[in-house]
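**Student:** Here is my input, please return the structure:
(2 chains)
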Amino acid sequence: MTFLGLMIPLLPLLGFLVNGLLGKYLPKGSAGWIGSLSVLASFVCVLLIFKDLQAEQAISIDVFNWIALGDFSISFGLWIDALTMIMLMVVTGVGFLIHLYSIGYMHGDEGFTRFFTYLNLFIFFMLLLVMGSNYLMMFIGWEGVGLCSYLLIGFWYKNEPFNDAAQKAFVMNRIGDLGFLLGMFFILFHFGTLDIQTVEQLAPGLASNGGLIMIITLLLFIGATGKSAQLPLYTWLPDAMAGPTPVSALIHAATMVTAGIYMIVRSNVLFALAPDTLTIILWVGVITSLFAAIIGLKQNDIKKVLAYSTVSQLGLMFVALGLGAFSSGIFHLVTHAFFKALLFLGAGSVIHALHGEQDIRKMGGLKKLIPITYITFILASLAISGFPLLSGFFSKDEILAHAFEQNKIVWIVVAVSSFLTAIYMFRLVFLTFFNNFRGSDETRSHIHESPWTMTFPLVVLCILAVLGGLIGLPAIFHVSHWLNTYLASVTEPSAALIHHGDGISHGLEIGLMCFAGLAAIVAIYLMYRKYVMQKAIPESEESQQGFIKAIANKFYVDEFFENAIVNPVFKLSEWFGTFFDKKIIDQIVNRTATTITSGGQALRLSQGGNTGTYVLAMVIGIVVLFIIRLLI
Amino acid sequence: MMTILLLFLPLLAALVVLLGGSKHASSIALGLAVAELAVTAYAINVFQTEGPEAFYVFHTWIDSPKVSFHLGLDGLSLVMVILTNLLVPLIILSGFNRTIPNAKGYFSLILLMQFALVGVFMAMDGLLYYIFWEVALIPIYFIALRWGGHNRVAITLKFFIYTLAGSLLMLFGFIMLYWYNPEQSFDIRELYTMVISQENQSWLFWMFFLAFAIKIPIVPFHTWQADTYRESPTQGTMLLSGIMLKMGIYSLIRWLLPVLPLGVAKWGQLAMILCVIGIVYASIIALKQKNLKNLLAYSSVAHVGLIAAGIFALNIQGLQGSVVQMFAHGVNVVGLFFCADIIFNRTNTNEISELGGIRNLAPLFSTMFTIVVLGSIALPLTNGFIGEFLLLYGVYEYNVWLSVFAGLTIILGAAYMLRMFKKVMLGQPSSYVPEFPDLYWNEKIVLGVFVLIIFGMGIYPQPIFNLVEPVLQDILSHSIL
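**Tutor:** Prediction:
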């Protein structure tokens, strides 16, 4: 199994190298298949390991000793256990489907080969991230996926705003990365190792030093807020929609942005030992999920709606982690990967059909024109809205149940943001697919369903989005919760540290589920009445006022950062560069030099060649020395 | 014998090139520099089997004052010599396909520079080391003065006087050491073990530190640098930024820490704070630079500030990080200045606002430039990451808050480099970039080698750690009391 384990990241790396180095010699279009099949092969390796690996087992692979000096050594090591398996299946499985989809979506783009090169590289780094046996390995993947995100957001590099978005994503992520890096320093210094399993075992022994664990977990969490787009480091994600849509699906919905959740679950013992950090995570998640859901209500770009939805759903996952329900966080991560990837790919299919149009006000009536996209999209929307028995219903319900049990205020806020999810999703669905087409006739005549490479992934993801809840059926169905059982070996050590209640009664749980399901249905009906029956169309920006305008403008958070941080730093840069460096420091240097020069010239005058002067100077000198001698 | 060959082959090469005429100067220079590289490769081989003792050379040179011709090649020296002898042929090759007037003088001076640099890294006698240190200034002065840009005369003079002033302080320092030494010599073995009072070490600390701080440069002694880098011809800038400034960093490790431990104990903290301020200060300035070479110069100040900070952290991680990063920075900064040169060669400008849209016209150049940039912003699995990780960790062990402040470099570094890359390479072609031929053969080789080193070192840095670990442990044992 060591061999298979190694193959998992190596195959996409191979795909990257083949496409990157030999791409221009290969027949046109083959890059797509090389890229896709390398990820498929990797997925097969994952399945083969999954078949044989018991849930409580783990594979450890030390590739080589990476850094060994002084008294520490860090290995280039991989680690595969139950949690890794879940992430591997999502990354390679969903990753393959999105590669396949991209063959159709990127067809004819002049950067076709380059696209698959980057995409394979991304998969490679994402696999390192989830397979790394120590924090530094995780950090390689962590920064590596950030690089690929940068390259792919700015994929169409001739477009200036896209390049700005790419740069913003990278730099904002680096802010989080500094937190991660410092967290690693604390771990390395106090634990003497970065190996995750060792740290998890040693952590309870250092728990008496509560402040230390809190600092470490907070720093790691700062890293997570950057990568997983939580307040205040979330503004890069909506901008990241500049990238091709499959990138949004793969990187900015299904995989990379969930790295923060993975990292925290991976370190669940550390976090469980820091209850204050968990509380902070809880509230950051709560606020982010509500805040982003509100902004999502008034966006008119199909991808922006989905982007804010992603931020909001990631917030929900952090709520789960903050409540100490680590496996619930992973459950929602998985179902979210299915339906959000599907939503993005569906949006991509719409954009593809409309030749690049992304404004939902100019869509409408697409359900007959692109039926497969329509059906899969609406099922995904139902899943994310928590429509009864679809995947999102179960994963969200689990988080809501934990919230209800532990903190009623959290439950209320999360329930509201869930309700808003259904609102913004079905506003989107009805505006896009119902009533009549609002674009030009010219565009309408070209609308067509996408090729099979695009619709096939839609259908597969749709099945997963519908049935994905089966991996975590609640106890009221009288079956065991498969995911909880499977992840038990990972989450159990922390479960003992967190005081969980006895759980809520079955009756109450059924009541909560009915309430949530009903809320989703009400939300959908409200939207149906407004956008289908009354045929409302969102008003233009100019006519918006007050609070609505603030929402549509994303609460001016970007402007705030721009004015509070970016511009002052740039001002400082100019002041340092043109004034302080040139006029102060350099002038001191120059003055010192001229002083010495003029001093030399002044001294030269004393050397006039007049013997009398010399003798006088000599006599004065002797006298002075004599006096000094007497005094000391 | 091996040691002598390693040292004098570049000097001989400089003479041969000077006598050989300008027509084939670059080819002859390249051939001889490659020969020197081959000797270096052989030296590595000998080093692996026989250890540093195989390179010990000791001759009495002057009786009074007692100066000896004492050369040595331990792991630290070896790494520096490898860096020098690896970069010099690439620097020479980078000058191919460019019209250089009086080429024989130019390439001869580059080789003379190599001779002095190798000497600095191998000299184990204070005065001998000082002589090589000063000799190194002469060729670079003439290179900048004779082949530089419009404002070369004033700027080169300032550079020369500034660094010379620092060096004279160091000479004075060495003379004082000679006096304090009961054995009356400059030999490094005696300087490492002699006892000097803390008060005297305090003075000596500043004499040496200023000399090195100007050369490195550490803020606020850096103001000569951006102008000199910009006005020097490309190969001069490469020599300065890639190797010559490493003389200062190397000397901090080799001479300052172990010879003046009490001085370091007293003033090291101040030096550390200067370094860390310099990192952030230079990074912030780099954000808004309008000239590509200026931006790279300030970025270099930030990077070497971190290297020096790692040294003053006085722990093995910081020292190991500084050596690895010296190597990585040498490669990356030369690579970056070469990219700037390639752009200037095609567009006649290095003003960032006048560039843009090169990405589409020269895909190979663009990919290689990207990789060098990634190394420079310390992406994991590139050479820049290992060093930066260890350096920041070294600073962390010294003081947590300083490491937070110094760590801002990973954010600011990404910001200014990516901003530069975006404006220079991406977007629509500017009017200065109507056409842009992709890499010529010599450029492909130079950048190709750099790319290989960037990934090779980033993935497997352990050989460098192993080479320098014993030396650094020894130096630490002398510097921490």
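**Student:** Quick one: name the residues of the stretch 451-600 of chain A near chain B.
**Tutor:** A:569-570, A:572-574, A:576-577, A:581-582, A:585-586, A:588-590, A:593 (C-beta under 8 Å from any C-beta of the partner chain). Quick note: C-beta positions are derived from backbone N, CA and C, even for glycine.
**Student:** and those residues, which are buried?
**Tutor:** Buried members of these, scored by 16 or more other C-beta atoms under 10 Å in any protein chain shown, are A:572-573, A:576-577, A:581, A:585-586, A:589.
**Student:** Now the residues you listed in TSV, please, with extra columns for distance to residue A:361, secondary structure and pLDDT.
**Tutor:** Listed next are these as TSV, based on distance: C-beta to C-beta, whole Å; DSSP: H, G, I helix; E, B strand; the rest coil; pLDDT from 0 to 100:
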residue	distance to residue A:361	secondary structure	pLDDT
A:572	42	helix	88
A:573	41	helix	87
A:576	46	helix	87
A:577	45	helix	84
A:581	51	helix	84
A:585	56	helix	85
A:586	57	helix	84
A:589	61	helix	83
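**Student:** residue ranges with poor pLDDT in chain A?
**Tutor:** A:209, A:500-502, A:541-542, A:606, A:608-609, A:632 (pLDDT under 70).
**Student:** Longest helix of it, counting residues only.
**Tutor:** Taking DSSP state H as the criterion, chain A has its longest helix at helix A:160-191.
**Student:** Report all helices and strands that that one contacts.
**Tutor:** Helix A:160-191 sits against helix A:135-153, helix A:196-202, helix A:210-227, helix A:236-239, helix B:383-398, helix B:400-425, with contacts defined as 3 or more C-beta pairs under 8 Å, 6 or more residues apart in numbering or on different chains; DSSP states H and E.
**Student:** any idea which of those is most buried?
**Tutor:** helix B:383-398 (a mean of 27; mean count of other C-beta atoms under 10 Å in any protein chain shown).
**Student:** burial measure for the closest residue to residue A:423 other than its chain neighbours, as a count.
**Tutor:** Residue nearest to residue A:423 in three dimensions, not counting chain neighbours: residue A:523, with 4.9 Å by C-beta to C-beta, 6 or more residues apart in numbering or on different chains. Around residue A:523 there are 22 other residues, counting by other C-beta atoms under 10 Å in any protein chain shown.
**Student:** Can you tell me the element residue A:523 falls in?
**Tutor:** Here residue A:523 is covered by helix A:506-527, with elements defined by DSSP states H and E.
**Student:** rewinding a little: minimum distance to residue A:52: which of the helices and strands packed on helix A:160-191 has it?
**Tutor:** For residue A:52, the closest of those is helix A:196-202, at 20.6 Å, according to C-beta to C-beta.
**Student:** In contact with the nearest residue to residue B:261 once chain neighbours are set aside, which residues?
**Tutor:** Sequence neighbours aside, residue B:479 is the residue nearest to residue B:261 in space, at 4.8 Å (criterion: C-beta to C-beta, 6+ apart). By C-beta atoms under 8 Å, 6 or more residues apart in numbering or on different chains, the residues touching residue B:479 are B:257-258, B:261, B:264, B:314.
**Student:** Isn't residue B:56 up against residue B:72?
**Tutor:** Yes. Counting by C-beta atoms under 8 Å, residue B:56 touches residue B:72, with 5.8 Å between them.
**Student:** where do the contact lists of those two overlap?
**Tutor:** Shared contacts of residue B:56 and residue B:72 (C-beta under 8 Å, 6+ apart): residue B:3.
**Student:** which of those two has more neighbours?
**Tutor:** residue B:72 (19 against 13).
**Student:** So what's the residue count around the residue nearest to that one when sequence neighbours are not counted?
**Tutor:** Leaving aside its chain neighbours, residue B:72 sits nearest to residue B:124 (4.4 Å; criterion: C-beta to C-beta, 6+ apart). By other C-beta under 10 Å, the residues close to residue B:124 number 23.
**Student:** now swap in residue B:432 and tell me
**Tutor:** So residue B:432, with other C-beta under 10 Å, has 17 neighbours.
**Student:** and it, helix, strand or coil?
**Tutor:** Three-state assignment for residue B:432 (DSSP: H, G, I helix; E, B strand; the rest coil): coil.
**Student:** what residue ranges in chain B are flagged as low confidence?
**Tutor:** If you take pLDDT under 70 as the line, chain B has these spans: B:481.
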